[in-house]
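Colleague: with the input below, show me the fold.
(one chain, ligands or ions: 2)
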Amino acid sequence: MKDDNVKIEQRLQNMKNIYLKAGKILDELPDAIPSKIRVTLKEKILGDSDLKKLMEGIDEHRPPRLFLIGRTGVGKSSLINAICGSYAAAISDVRSCTETAEIYQCKEGSRVLMEILDTRGFAESESLDSSVSAEEMLIEQINEFSPDCAIMMLNCTHRDDVNADVAFLKRVTSRYADVNKIRLPVIVVVNKADEMAPSRFKDPDEYPQIKKEKIKEAVQYYKGIIVRNGLKIDDIIAVSSLIDWKTADGMPIDAESIANLPKKDIENLQMDFDGRYNIDELLNALEHAILDFEAQMGLRMAVRLDEVIHRIASHLKSVFSTLSATVALTPVPVSDIYILSILQAFLVALIASLSGRDADLDTAKEFILSLGGVAGLGYSFRLIAQQASKLLNVFWPGSGSAVSSTVAYLGTNAIGEAAISYYIDGKTIEEAKKKFEQAKKENS
Ligand SMILES: Nc1nc2c(ncn2[C@@H]2O[C@H](COP(=O)(O)OP(=O)(O)O)[C@@H](O)[C@H]2O)c(=O)[nH]1
Ligand SMILES: [Mg+2]
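Modeller: Ligands and ions are numbered 1, 2, ... in the order given. Got it, this is the predicted structure:
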């Protein structure tokens, strides 16, 4: 695990180095490329704020701070494991704890993945101490912790009375807004979707339609209560956090017994069955909701290490696809073919570098050529675009440029998909080609 860790850090640095050398790499392109295009490309690549933030985030990230609220047994600890994709040991913090709240770091090896403030919620804490001062203390503690996001966890199958918790969370967010002058993002997670009838279907790929509909109903039910109580939320998502674990030598182990294992065995637990449902959606919602950039990047880095690479590669793909679309919108006729194909080569080089390979624009161009020809590609996208816009202009004048930017977006996106499948997922070039063709079709 530790070795892997180092390797991935290197892969990320690898990618960052290529980005930092972008200016030099572009200067070394063949003379035939006009200097005006070089300048445009440098501006596009080095001036893109998303790309800049992504690269800065490689070094400047911090573990996100999540405030979890939900009753004992709803699956708060399990959700953290499901997000991380590994059994993340919880290390209690000395800053803790009131009777109802606990702060801990969750770690994988020496890496701190997240900081969690875990509370059982007001409904339960009320039975311990219903005084106003107890609530005050808790709200104080939450503010001191200064979470990046609140996650309210509910149970998909037991419809507990959540009014008290919703009202409490409302008071928490209102205080947070007073203190920090920004809104605390709130995401509601409806856990244990796998237990919805028919509960024998645990593999998310096999959930029958009826089960999915019932899950949706539960979400609607909770959404209704939340809206009636006037709590503003960013998203509400049904998930399953179900993971069965086994020891390194393959022995299945139930959740309750894990705590009794030696520390070393806990660190080496493997997934025996992955029943996670919608966790990717939840991650996207969290990334979206968390405003602090270093925490956002920290969240990306907190998922399982091979997933980190995947998430970053996809992010690169979407940034470059958007860049391509803006290039196509700019009215510099002939030259945008060059710009597009060089941008595409740059994307491929960055993705290749993430896989740990030495990559430059030449190898990237070769890869793109083997998908269908770099000039041919730039040209054919361009031609399709021009043809389409000509046709469209006859019927809806002025719609032309929108089409060509869409086509530029799709072309770069398809090349990104192919590069991820070849360089990151280790597929053959034939399979990558298939992916490329598919991506073009799926989106058009
Ligand atoms: N079937 C199923 N069981 C879950 C899920 N999430 C948690 N559990 C189980 O529910 C129990 C309580 O989970 P835990 O994470 O300890 O809850 P916490 O008290 O909120 O931290 C454990 O036995 C978990 O294995 C889920 O999504 N599906
Ligand atoms: Mg717990």
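Colleague: tell me which residues in the longest helix seen in the chain are buried?
Modeller: Using DSSP state H, we find that the single longest helix of the chain is helix 305-329. For helix 305-329, the neighbour count (16 or more other Cβ atoms under 10 Å) marks 305, 307-313, 315-317, 319-325, 327-328 as buried. For every residue, glycine as well, the C-beta is placed using N, CA and C.
Colleague: equivalent analysis for stretch 285-299, please.
Modeller: Neighbour-count burial for stretch 285-299 [16+ other Cβ under 10 Å]: 285-287, 289-290, 294-299.
Colleague: just give me the closest of those to K440.
Modeller: Checking these against K440 with Cβ to Cβ, the nearest one is E287 at 26.8 Å.
Colleague: which ones are touching the closest one?
Modeller: Neighbour list for E287: 296, 299-300 [criterion: Cβ atoms under 8 Å, 6 or more residues apart in numbering].
Colleague: turn those into TSV, including secondary structure, distance to D272 and pLDDT.
Modeller: Shown next, in TSV, are the contacts of E287 (DSSP: H, G, I helix; E, B strand; the rest coil; distance: Cβ to Cβ, whole Å; pLDDT from 0 to 100):
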residue	secondary structure	distance to D272	pLDDT
Q296	helix	31	89
L299	helix	26	92
R300	helix	26	85
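Colleague: nearest to ligand 1 among those?
Modeller: Distance from ligand 1 was checked for each of those by Cβ to the nearest ligand atom. The minimum falls on L299, at 19.4 Å.
Colleague: avg pLDDT for stretch 87-95?
Modeller: Here stretch 87-95 scores 66 as its mean pLDDT.
Colleague: for stretch 119-136, same thing?
Modeller: Stretch 119-136 carries an average pLDDT of 67.
Colleague: which positions within the helix or strand A177 falls within qualify as buried?
Modeller: Using DSSP states H and E, A177 maps to helix 163-180. Using 16+ other Cβ under 10 Å as the burial criterion, the residues of helix 163-180 that qualify are 164-166, 168-170, 172-173, 175-176.
Colleague: rewinding a little: run the chain-centre distance for the longest helix of the chain.
Modeller: Distance of helix 305-329 from the chain centroid (Cα atoms, centre = their mean, to the nearest Å) equals 12 Å.
Colleague: cool, stretch 182-189 as well?
Modeller: Using Cα atoms, centre = their mean, the offset of stretch 182-189 from its chain centre is 17 Å.
Colleague: ok, and what's touching that stretch?
Modeller: Residues contacting stretch 182-189 (Cβ under 8 Å, 6+ apart): 67, 79, 147-154, 169, 172-173, 176-177, 222-223, 226, 231-239, 282, 285-286, 289-291.
Colleague: out of those residues, list just those in strands.
Modeller: By the criterion of DSSP state E, membership of the contacts of stretch 182-189 in strands covers 67, 149-154, 235-238.
Colleague: want to try a markdown table for those, with distance to ligand 1 as columns?
Modeller: Compiled in a markdown table, the ones in strands among the contacts of stretch 182-189 are given as follows (distance: Cβ to the nearest ligand atom, whole Å):
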| residue | distance to ligand 1 |
| --- | --- |
| F67 | 14 |
| C149 | 17 |
| A150 | 15 |
| I151 | 11 |
| M152 | 12 |
| M153 | 7 |
| L154 | 11 |
| D235 | 18 |
| I236 | 16 |
| I237 | 12 |
| A238 | 10 |
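Colleague: most surrounded residue in those?
Modeller: L154 (29 neighbours; other Cβ atoms under 10 Å).
Colleague: how close does the closest residue to that one other than its chain neighbours sit to ligand 1?
Modeller: Distance criterion Cβ to Cβ, 6 or more residues apart in numbering; nearest residue to L154, sequence neighbours excluded, is V190 at 5.1 Å. In this view, V190 and ligand 1 are 10 Å apart by Cβ to the nearest ligand atom, to the nearest Å.
Colleague: and what of I243?
Modeller: Per Cβ to the nearest ligand atom, I243 is found 8 Å from ligand 1.
Colleague: check F293 too.
Modeller: 29 Å.
Colleague: which element is the closest residue to that residue other than its chain neighbours on?
Modeller: Nearest non-adjacent residue to F293, counting by Cβ to Cβ, 6+ apart: K53, 5.8 Å away. Using DSSP H and E, K53 sits within helix 49-59.
Colleague: angle of that helix against helix 305-329?
Modeller: 160 degrees (axes from the mean of the first three to the mean of the last three Cα atoms, to 10 degrees).
Colleague: quick check: the residue of the stretch 1-150 of the chain nearest ligand 2.
Modeller: S77 (3.4 Å; Cβ to the ion).
Colleague: show me what the helix or strand encompassing that residue is packed against.
Modeller: Using DSSP H and E, S77 falls within helix 76-84. Counting contacts by 3 or more Cβ pairs under 8 Å, 6 or more residues apart in numbering; DSSP states H and E, helix 76-84 is packed against strand 65-69, strand 101-108, strand 111-119, strand 149-155, strand 186-191, strand 243-246, helix 279-289.
Colleague: which residue in the buried residues of stretch 285-299 has the weakest pLDDT?
Modeller: M297 (86).
Colleague: residues in a beta bridge with the residue lying closest to Q141 once chain neighbours are set aside, which ones?
Modeller: Of all residues not flanking Q141 in the chain, A101 sits nearest, at 5.8 Å (Cβ to Cβ, 6+ apart). Note on A101: beta-bridge partners by DSSP bridges are T119.
Colleague: get me the contact residues on the stretch 1-150 of the chain for ligand 2.
Modeller: 76-77 (Cβ under 5 Å from the ion).
Colleague: mind showing which ranges of the stretch 1-150 of the chain have poor pLDDT?
Modeller: Within the stretch 1-150 of the chain, the segments meeting pLDDT under 70 span 1-6, 30-34, 89, 91-99, 121-132.
Colleague: show me what from it comes close to ligand 1.
Modeller: Counting by Cβ under 6 Å from any ligand atom, the positions of the stretch 1-150 of the chain adjacent to ligand 1 are 70, 72-78.
Colleague: among the buried residues of stretch 285-299, which two are most distant?
Modeller: Spanning the widest gap among the buried residues of stretch 285-299 are A285 and E294, at 18.8 Å by Cβ to Cβ.
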